[in-house]
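S.K.: sequence below, structure please.
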Amino acid sequence: MQHDEMIGKVQALAQLPDRGAAERATRAVLETLAERLPSALANHMAAQLPPTLAASVRQKTDSAADGHGSTSGERFDLTVFAGRIAGRAATDEETAIQEAAGVLEVLDAALTPELTEKMAGVLPADIRELLPAGRAVDDGG
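M.R.: As a prediction, this is how the structure comes out:
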């Protein structure tokens with residue numbers, strides 16, 4: 001999926017007023033997701049994104065590799081996830097959750113099914129609930 005198509009879909013799904021807001025939301029969610037995922041998984045995600053969006057992911061995984069963070073991904077819940085997105089997108093946490101759900105739905109369509117399954121598998125249940133219905137199911141029973 002190309003950059004403009006992804007941003008357009010995020011704008012529609014998250015009901016954002018313009019492409020600039022959709023761009024900010026997408027980058028905020030990708031950066032925050034990259035902090036939460038193991039770096040190898042985040043790098044696989046970046047490899048399947050348009051270069052302009054992959055940069056947001058790689059920026060976070062590169063800083064983790066430099067010793068700032070861990071290669072296993074930070075552990076945080078939906079409250080922290082929403083707070084970080086809100087801070088990056090200059091919005092409130094409720095809006096950040098709505099935007100994250102839109103971005104994650106577009107990611108689900110843009111990435112290979114295997115990769116989205118792996119991502120869902122490493123996210124905590126509260127963040128996983130933002131994924132499209134088919135991915136949000138807990139395989140643990």
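S.K.: who are the packing partners of the helix or strand containing Glu99?
M.R.: Glu99 belongs to helix 93-110 when assigned by DSSP states H and E. When contacts are defined as 3 or more Cβ pairs under 8 Å, 6 or more residues apart in numbering; DSSP states H and E, helix 93-110 packs onto helix 3-13, helix 19-36, helix 78-89. (Each C-beta comes from the backbone N, C-alpha and C, glycine too.)
S.K.: got the contact list for that helix?
M.R.: 1, 6, 9-10, 13-16, 25-26, 28-30, 32, 45, 48-49, 78-79, 81-83, 85-86, 89, 91, 116, 130-132, 135 (Cβ atoms under 8 Å, 6 or more residues apart in numbering).
S.K.: deepest of the helices and strands packed on helix 93-110, which one?
M.R.: Among the helices and strands packed on helix 93-110, helix 19-36 has the highest mean neighbour count (mean count of other Cβ atoms under 10 Å), at a mean of 22.
S.K.: how far is that helix from where the chain is centred?
M.R.: What separates the centre of helix 19-36 from the centre of its chain is 7 Å, taken as Cα atoms, centre = their mean, to the nearest Å.
S.K.: where does pLDDT dip in the protein?
M.R.: 63-71, 134-141 (pLDDT under 70).
S.K.: ends of stretch 31-49, what's the gap?
M.R.: Distance across stretch 31-49, first residue to last, is 13 Å (Cα to Cα, to the nearest Å).
S.K.: ditto for stretch 7-18
M.R.: First-to-last distance for stretch 7-18 - Cα to Cα - comes to 10 Å.
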